[in-house]
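*Asks:* Give me coordinates for this.
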Amino acid sequence: MKLSDALKPLSDLENRLGLPKGFYHKLLKEDDWSFVVKTHALIEAAVTHLLSKTTAISFRQFDDLNLDEELLAQAFSRLELSDKRKGKVSFSKALGLLMDYQRSFIHSLSEIRNAFVHDVRNVNLTVSKYFQSLGPEKQHQFILSFEIGISDDLLTSFGETAQRDAIVRENPKLSIWLSGLVCLKEIYYCIEFFGNSEKLIKMTAEMAEFSKLLAPIVNALISKKNSIAS
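*Replies:* Numbering: from 1, shown residues only. Sure thing, here's the model as predicted:
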């Protein structure tokens, strides 16, 4: 499998959401405020799409029901993303669409987004400074939420003795981006393979292959970061 093939699900999802090809990849080049706000907006749009598509698919078995997916999307879009009682993530949990680690990622991303946007003075805040400002408990939760994108194959890109918690501490923005990439691909596959166990098995194999193909990109990003720092 080529990297371009592995990234096709993300490109397809971007297209469905009305975004230009390569939108997510370019987010890493944004300043941290824009990165956080746009990443959160993309994840929220993807979860709305997940809810509307899978709900429509579920009801297609009834011949007399012809649900309007656009109206469904509009209805779900009015819900807050991370409201634990009545948000999009809560609906996704009830419907079995998002795993615990995915919901944890989204909740933590929403916390960061709120910290960035609710105070105009934070327009120049970086993800690293935000992480450093957290207490030990919050830092631990940050690490748990944003280490999901660091697979075993990617772990070796950071060195033979690299540990996930240390990687997140030293590269919090990249860790968010990698975790978001995993979450978006899994949302895409959940929609595509909804109710089809055979395709789900295929998806698992493709996700494993994708991690191997992503390693050279991560290596390049780390090298660039180190050269700037030096």
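*Asks:* H40: helix or strand, and which one exactly?
*Replies:* Using DSSP states H and E, H40 sits in helix 32-59.
*Asks:* What's the first helix or strand after that helix?
*Replies:* helix 69-77.
*Asks:* Please point out which parts of that following helix sit buried.
*Replies:* By neighbour count on 16 or more other C-beta atoms under 10 Å, the buried set for helix 69-77 is L72, A73, F76, S77. Any C-beta I mention is one placed from the backbone N, CA and C, and that applies to glycine too.
*Asks:* And stretch 121-133, by the same measure?
*Replies:* Buried residues in stretch 121-133, counted by 16+ other C-beta under 10 Å: N122, L125, T126, V127, Y130, F131.
*Asks:* likewise stretch 165-184?
*Replies:* Buried positions in stretch 165-184, judged by neighbour count with 16+ other C-beta under 10 Å: 167-169, 171-184.
*Asks:* just how off-centre is that stretch within its chain?
*Replies:* Here stretch 165-184 is found 10 Å from its chain centre; the criterion is C-alpha atoms, centre = their mean, to the nearest Å.
*Asks:* which residues are in contact with it?
*Replies:* The contact list for stretch 165-184 (C-beta atoms under 8 Å, 6 or more residues apart in numbering) reads 10, 13, 24, 27-28, 32, 35-36, 39, 42-43, 46, 102, 105-106, 109, 112, 126-128, 130-131, 139, 142-143, 145-150, 154-155, 158, 207, 214, 218, 221-222, 225.
*Asks:* Which stretches in the chain count as helices?
*Replies:* 3-6, 8-16, 23-26, 32-59, 69-77, 88-94, 100-117, 127-133, 136-146, 152-155, 164-170, 172-192, 197-229 (DSSP state H).
*Asks:* Reformat the buried residues of helix 69-77 as JSON lines; add distance to V89.
*Replies:* Below are those laid out as JSON lines (distance: C-beta to C-beta, whole Å):
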{"residue": "L72", "distance to V89": "17"}
{"residue": "A73", "distance to V89": "16"}
{"residue": "F76", "distance to V89": "11"}
{"residue": "S77", "distance to V89": "14"}
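*Asks:* Convert stretch 28-47 to PDB, retaining C-alpha atoms only.
*Replies:* What follows is stretch 28-47, C-alpha atoms only, in PDB (Å, rounded to 0.1, in the frame of the first residue of the first chain):
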ATOM      1  CA  LEU A  28       0.600  21.500  11.300                       C
ATOM      2  CA  LYS A  29       1.900  24.600   9.500                       C
ATOM      3  CA  GLU A  30      -0.700  26.900  11.200                       C
ATOM      4  CA  ASP A  31       0.100  28.900  14.300                       C
ATOM      5  CA  ASP A  32      -1.100  27.000  17.400                       C
ATOM      6  CA  TRP A  33      -4.300  29.100  18.000                       C
ATOM      7  CA  SER A  34      -5.500  28.400  14.400                       C
ATOM      8  CA  PHE A  35      -4.300  24.800  14.600                       C
ATOM      9  CA  VAL A  36      -6.400  24.100  17.700                       C
ATOM     10  CA  VAL A  37      -9.500  25.900  16.500                       C
ATOM     11  CA  LYS A  38      -9.500  24.400  13.000                       C
ATOM     12  CA  THR A  39      -8.700  20.900  14.300                       C
ATOM     13  CA  HIS A  40     -11.600  21.000  16.700                       C
ATOM     14  CA  ALA A  41     -13.900  22.300  14.000                       C
ATOM     15  CA  LEU A  42     -12.900  19.500  11.700                       C
ATOM     16  CA  ILE A  43     -13.400  16.800  14.400                       C
ATOM     17  CA  GLU A  44     -16.800  18.300  15.200                       C
ATOM     18  CA  ALA A  45     -17.900  18.300  11.600                       C
ATOM     19  CA  ALA A  46     -16.700  14.700  11.200                       C
ATOM     20  CA  VAL A  47     -18.600  13.500  14.300                       C
END
